[in-house]
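> sequence first, then the predicted structure:
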Amino acid sequence: MTFIKLAKEILASNVSTDENLWLDNIVFISRDNEKNLQTAFIAMPRYIKKTEIVLNNEIKNRFLEAVNFSPDGWSLDKLVRAFIILHFNASNEKHYVKGLEDLFETAEMNELATLNSFIPLLAYPNNWLSHAKEAVRSNIGPVFDAIAFNNPYPSNYFDEAAWNQLVLKTIFCGKSIQNIHGLKERSNKELAYMISGLAHERWAAGRTISAEVWELVIPFIDGFLINDIEKLFQSENKQDQDTAKLACTQSNFRPAKDLLKRYADAVINAEF
Amino acid sequence: MKNNLHVENSSHWEGNIDDMSSCEMNWKEAKELIKGMTFFDPHIHMVSRTTDDYQAMAEAGIVAIIEPAFWVGQPRTGISTFKDYYNSLVGWERFRSSQFGIKHYCTIGLNSKEANNEDLAEQVMAILPLYIHKEGVVGIGEIGFDDQTKAEEKYFRLQLELAKNAKLPVQIHTPHRDKKRGTQRSMDICNEHGIDSYMIIIDHNNEETTKMVLDGGFWAAFTIYPSTKMGNERMVNLIQQYGSEKIMLNSAADWGISDPLAVPKTAALMKMKGLSNQDIKKVTYQNAIDAFGQSGQIYLQDFQKINRADQSITYNGNSVLRGGQQPQNTRESVFIK
């Protein structure tokens, strides 16, 4: 697999001689021996440092081309774990899945986050759907982040209900949606209404909601959602006001144009 | 400042009226004495504690803890609940702790009480190897004797071998009943298995066991726990008698009436009684790190870089608990926003 080749390249320039020795040995003693690979995956932090990997644009792009994401910013131990996992023999599905299921089932916090980041690299992709959805339900921040951000798996494999939960939970937890893969492609009316509902709850409680979330609402503006956009025009927050303008400019819903005109006039009048 | 009323009303008061430091000093005042100090509590069962405790611990200067695997109060009936419990020690609890800027380590093992359920014990032994090599697992524990049965001895020995092969320290629970004999027996068994006493932490010591543990070259841990284990005034006397070289303190706070601030509180008391800062640091921080650090799993930078003035730094970009909740302590306020 291309990921292995690219990973090897990066590892060569990032690991020390001792670390390399350990890794070579693991690959050697693990040929067709799952137990050794599992143990290596678990004990890895005892041998590999957590230095951050910084990639130049050239290699980053090669990763993006090959697997649709890049390990830029990962810590070294995470990449080594990916490298180890990709040595699991995938020729026998039952055997392969069992070997990885064991790891999922007994994973500590960082292992679980790592496994979820790697789901897009695993063979038999449909098999990992329940783990990916479970990660969205997780209360452990790094585990949720691993499946939600910079990970192409959910946009490729989640049904609409699961996808909407992922996006909504991201917003609910106050995290940015910008690093979710396939955000635009998977936007849908149901989600737009869920976001509106969350905004109403927040407003009722005297709280706010990040302006960026409205980009998921814009394509679905109708006679109901337009009221939320009007509310943004009335917000004291400049970002909300800008978002409202943008929404009206981009929307094909005719009343949005009237709304824009009305508030643009109001702003001009206020300035005089 | 003396609280005479309290003394007069307390029928259980046994101390000298001139030596009533614990009575006349409340924690709020005592906290000032240990300002800026950092603490490591090497034995505390956070699964049984609340977030209020985590907040108070962080505020009192606790930067790292070890959570030993133990009996959770309700006997387990199957292997799955053991697995889930170990998973929570290396998963959920680890994350929960990080929310408060406290580094969480654990020791993994089959506790002595449940070693008596041999069918289950066998199954637990089979899954232990999956956990003991994990990141942040700093030893095998807490293991040892409860009723001192044959089954307890069997699994104690098996786990000592596990620790020996994995080169991990061992955290040994000593029994409440027939303690002195149980402690001696535990040490004899460790010696039989040829484990370096420097790798062994004998826990829950008292005045009766201290000398033999230290003479044997083991680490002596003390649990400051109201009524049933050590009181902290007795503890100070013991440190004055035996020195700070191989002694460490812990709270063992759990589901019983216990105090998650036992370590910082005892530090304040030691300060009041005139012990040196160096001795205080050894027994409330450094010795635990030296002993459990032999696992190769404790990196000082993991908890030294924590900036307590701005807790949000430690949240690592993760939103706190539910929603965008902030790590503030609101207990003193009527308003809950």
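Good, I have the coordinates.

> show me where pLDDT drops low in the chain?
Picked chain A for this. Confidence mapping of chain A against pLDDT under 70 gives the ranges A:1, A:32, A:266-272.

> that's the other chain; I wanted chain B
For chain B, the stretches flagged by pLDDT under 70 are B:1-24, B:305-332, B:337.

> again, 50 this time
Using pLDDT under 50 as the threshold, the predicted model of chain B has low-confidence ranges B:1-22, B:307-326.

> grab the most central residue of it for me.
Centroid-nearest residue in chain B: residue B:43, 1.3 Å away (criterion: C-alpha atoms, centre = their mean).

> isn't it right next to residue B:142, touching?
Yes. Distance between residue B:43 and residue B:142: 7.5 Å, which falls inside the contact criterion (C-beta atoms under 8 Å). In short, each C-beta sits where N, CA and C put it, glycine included.

> mutual contacts of those two, please.
Common neighbours of residue B:43 and residue B:142, counting by C-beta atoms under 8 Å, 6 or more residues apart in numbering or on different chains, are B:68, B:171, B:203.

> can you select the buried ones among the residues you listed for me in PyMOL?
Selecting only the buried members of the shared contacts of residue B:43 and residue B:142 in PyMOL, with burial defined as 16 or more other C-beta atoms under 10 Å in any protein chain shown, works like this:
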select buried, chain B and resi 68+171+203
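
> so which of the shared contacts of residue B:43 and residue B:142 are in strands?
With strands taken from DSSP state E, the overlap with those comprises B:68, B:171.

> dump the shared contacts of residue B:43 and residue B:142 to JSON lines, plus distance to residue A:121.
What follows is the shared contacts of residue B:43 and residue B:142, written out as JSON lines (distance: C-beta to C-beta, whole Å):
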{"residue": "B:68", "distance to residue A:121": "36"}
{"residue": "B:171", "distance to residue A:121": "38"}
{"residue": "B:203", "distance to residue A:121": "44"}
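
> quick check, nearest of the shared contacts of residue B:43 and residue B:142 to residue B:196?
Nearest to residue B:196 among the shared contacts of residue B:43 and residue B:142, counting by C-beta to C-beta, is residue B:171 at 14.8 Å.

> show me what the closest one bridges to in the sheet.
residue B:141, residue B:201 (DSSP bridges).

> which phi and psi does the nearest residue to residue B:246 once chain neighbours are set aside have?
The spatial neighbour of residue B:246 that comes closest, neighbours along the chain excluded (C-beta to C-beta, 6 or more residues apart in numbering or on different chains), is residue B:219 at 5.3 Å. The phi and psi torsions at residue B:219 (degrees, to the nearest 10) take the values phi -80, psi 140.

> would you confirm that residue B:219 contacts residue B:202?
Yes. Distance between residue B:219 and residue B:202: 6.8 Å, which falls inside the contact criterion (C-beta under 8 Å).

> what about residue 85, neighbour count?
No chain in the question, so chain A it is. A count of neighbours around residue A:85, defined by other C-beta atoms under 10 Å in any protein chain shown, yields 20.

> not quite, go with chain B.
Here the number of neighbours of residue B:85 (other C-beta under 10 Å) works out to 16.

> contact partners for it?
B:47, B:69, B:72, B:76.

> what helix or strand does it sit in?
Secondary structure here is read from DSSP states H and E; on that basis residue B:85 sits in helix B:79-90.

> need the three-state assignment for residue B:207.
Each residue gets one of three states, and residue B:207 gets coil by DSSP: H, G, I helix; E, B strand; the rest coil.

> surely it meets residue B:234?
Yes. The pair residue B:207 and residue B:234 qualifies as a contact (C-beta under 8 Å) at a distance of 7.0 Å.

> what sits closest to the residue nearest to the centre of chain B if chain neighbours are left out?
Taking C-beta to C-beta, 6+ apart as the measure, residue B:43 lies nearest to residue B:250, with 3.6 Å between them; neighbours along the chain are not counted.

> same check, this time on residue A:99
In space, not counting the residues next to it along the chain, residue A:99 is nearest to residue A:34; the distance is 4.5 Å by C-beta to C-beta, 6+ apart.

> now residue A:164
Distances taken as C-beta to C-beta, 6+ apart put residue A:191 closest to residue A:164, at 4.6 Å, once the chain neighbours are dropped.

> tell me which residues touch that neighbour, please.
Contacts for residue A:191 (C-beta under 8 Å, 6+ apart) come out as A:163, A:164, A:167, A:168, A:216.

> which one of these sits closest to chain B?
residue A:168 (12.1 Å; C-beta to the nearest C-beta).

> for the closest one, what are its contacts?
Contact analysis of residue A:168 by C-beta under 8 Å, 6+ apart lists A:191, A:194, A:195, A:198.

> distance to residue A:135 added to those, as JSON lines?
Formatted as JSON lines, the contacts of residue A:168 follow (distance: C-beta to C-beta, whole Å):
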{"residue": "A:191", "distance to residue A:135": "19"}
{"residue": "A:194", "distance to residue A:135": "20"}
{"residue": "A:195", "distance to residue A:135": "22"}
{"residue": "A:198", "distance to residue A:135": "21"}
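
> returning to what we had before: shouldn't the residue nearest to residue B:43 be in contact with residue B:262?
Yes. Because the distance of 7.4 Å satisfies C-beta under 8 Å, residue B:250 is recorded as touching residue B:262.

> who touches both of those two?
When C-beta under 8 Å, 6+ apart defines a contact, the residues bordering residue B:250 and residue B:262 alike are B:41, B:223, B:224.

> quick revisit: closest to residue B:333 among the contacts of residue A:191?
Comparing the contacts of residue A:191 against residue B:333 with C-beta to C-beta places residue A:168 closest, at 30.6 Å.

> which stretch of helix or strand covers the closest one?
Secondary structure assigned from DSSP H and E places residue A:168 in helix A:160-172.

> ok, then the element right after that helix?
Scanning forward in sequence from helix A:160-172 by DSSP H and E, the next helix or strand is helix A:189-204.

> now find how far off-centre the helix or strand following that next one is within its chain.
Under the assignment DSSP H and E, the closest C-terminal helix or strand after helix A:189-204 is helix A:226-234. Between the centre of helix A:226-234 and the centre of its host chain there is 29 Å, according to C-alpha atoms, centre = their mean, to the nearest Å.

> and helix A:226-234, what does it pack onto?
For helix A:226-234, the helices and strands in contact under the criterion 3 or more C-beta pairs under 8 Å, 6 or more residues apart in numbering or on different chains; DSSP states H and E are helix A:189-204, helix A:238-250, helix A:254-271.

> which parts of the stretch 51-200 of chain A sit against chain B?
The stretch 51-200 of chain A has residues A:102, A:105-112, A:139-142, A:145, A:172-175 near chain B, with proximity defined as C-beta under 8 Å from any C-beta of the partner chain.

> try it again at 7 Å.
Among all residues of the stretch 51-200 of chain A, those adjacent to chain B (criterion: C-beta under 7 Å from any C-beta of the partner chain) are A:106, A:108, A:109, A:110, A:112, A:140, A:141, A:142, A:172, A:173, A:174, A:175.

> want to try CSV for those, with neighbour count and distance to residue B:245 as columns?
Formatted as CSV, those follow (neighbours: other C-beta atoms under 10 Å in any protein chain shown; distance: C-beta to C-beta, whole Å):
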residue, neighbour count, distance to residue B:245
A:106, 20, 38
A:108, 22, 33
A:109, 24, 35
A:110, 24, 35
A:112, 27, 40
A:140, 19, 39
A:141, 22, 40
A:142, 20, 39
A:172, 17, 52
A:173, 20, 47
A:174, 14, 48
A:175, 21, 48
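
> can the helix or strand that contains residue A:24 be found next to chain B?
In this structure, residue A:24 sits in helix A:17-29 according to DSSP H and E. No. Residues of helix A:17-29 are not located near chain B by C-beta under 7 Å from any C-beta, the shortest gap being 13.1 Å.
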